[in-house]
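Turn this into a model:
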Amino acid sequence: MSTEKNALAISLFSEVLAADQMVRNRLSRVLPKGMEISHFSVLNHLAWHEGERSPAQLAEAFNVTRGAMTNTLNRLEWAGYVHIRPDWDDARRKMVALSPAGRRAREQALNAIAPMVGDVIDNLGEDRVRATLPILRELRARMGPVKSD
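Next up is the predicted model:
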């Protein structure tokens, strides 16, 4: 890779990592007490993708280990935010669904996040945010999980 291209890559990833850190810090401060970003992310995913998901499907969607997802799901179940049941077709598997309390907790989190996100959109401008989203989606897709042999 050329020196110029290398510098561009370093700048890109430095900005992405810095933005990620800042967003995580700000989100952590405004989420309802006791809710972690991972909890909100799973609740949001389940709300967007109505129906049930297996822990393995959720782990794959978030690019985390099954153990990490199991830990998050156990905390969400303890809080009453998800229902976990055996898979009727395969007793070795479980299925996860958003509970009414989980839907309310997600809404509460969204209401807490909304002013922060609104300020960002107001400062950047809606057109610039819309123009940025396809680039970020493509970057995420290209940086997806690396397949191991």
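
quick one: low-confidence ranges for the chain?
Judged by pLDDT under 70, the chain has its weakly predicted residues at 145-149.

Can you show me the strands along it?
Ranges of strands in the chain, per DSSP state E, are 82-86, 94-98.

so what strands line up beside the first one?
Read that as strand 82-86. strand 94-98 (antiparallel) (DSSP bridges).

For the residue nearest in space to the middle of the chain, which non-adjacent residue is closest in space?
The residue lying closest to the centre of the chain (CA atoms, centre = their mean) is residue 41, at 3.8 Å. Distances taken as CB to CB, 6 or more residues apart in numbering put residue 62 closest to residue 41, at 6.7 Å, once the chain neighbours are dropped. From N, CA and C alone the C-beta is placed, and that goes for glycine too.

How many residues are close by that neighbour?
Residue 62 has 15 neighbouring residues, counting by other CB atoms under 10 Å.

Would you mind confirming that it is in contact with residue 73?
No. Residue 62 lies out of contact with residue 73 (CB atoms under 8 Å); the separation is 11.2 Å.

Need the residues touching each of those two.
The overlap between the contact sets of residue 62 and residue 73 (CB atoms under 8 Å, 6 or more residues apart in numbering) consists of residue 42.

give me every residue that touches residue 81.
Here residue 81 is in contact with 39, 43, 98, 99, 101, 102, 105 (criterion: CB under 8 Å, 6+ apart).

Please flag which of those residues sit within helices.
39, 43, 101, 102, 105 (DSSP state H).

can you pull out the helices in this protein?
Here the chain has its helices, by DSSP H, at 3-30, 37-48, 55-62, 66-78, 100-124, 126-142.

which residues touch residue 61?
Applying CB under 8 Å, 6+ apart to residue 61 gives the contacts 45, 53.
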